[in-house]
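**Q** Compute the structure for the input listed below.
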Amino acid sequence: MRSVCTLSLEQRIHPNLVGGEAYRLGPARERSGLHDYGAHAALSDAIAAAELFQAQLSRLPPGTTLAEIETA
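**A** Numbers count the residues shown, from 1 in each chain. Predicted coordinates for the structure are as follows:
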């Protein structure tokens, strides 16, 4: 099965952020201009991650392939 980790992708897009919380879902969504969801509910977490992934895709260079961003 193929998968992409939004945390790893966020680290690739913003490699020099400082602090343990910098790459968490909430701060990553805020950097992307996305509204906040209540945390730790399965459905809202899934929607929040999917929206973040879409925002992240728009920040990648044209021609980026799935193979380049998928996790092992």
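**Q** Show me the longest helix that occurs in this structure.
**A** With residue count as the measure and DSSP state H as the assignment, the chain has helix 42-59 as its longest helix.
**Q** Off-centre distance for that one?
**A** A distance of 6 Å separates the centroid of the chain from that of helix 42-59, by CA atoms, centre = their mean, to the nearest Å.
**Q** Surely residue 4 touches residue 69?
**A** Yes. Taking contacts as CB atoms under 8 Å, residue 4 lies within contact range of residue 69: 5.4 Å. Heads up, the C-betas are built off the backbone N, CA and C, glycines and all.
**Q** For the two, indicate the residue with more neighbours.
**A** Regarding residue 4 and residue 69, a neighbour count based on other CB atoms under 10 Å identifies residue 69 as having more, with 17 against 13.
**Q** Name the helix or strand for residue 27, please.
**A** Residue 27 belongs to helix 25-31 when assigned by DSSP states H and E.
**Q** Now that helix: average pLDDT?
**A** Taken as a whole, helix 25-31 carries a mean pLDDT of 95.
**Q** buried set for that helix?
**A** Of the residues in helix 25-31, those scored as buried under the neighbour-count criterion (16 or more other CB atoms under 10 Å) are 25, 28-29, 31.
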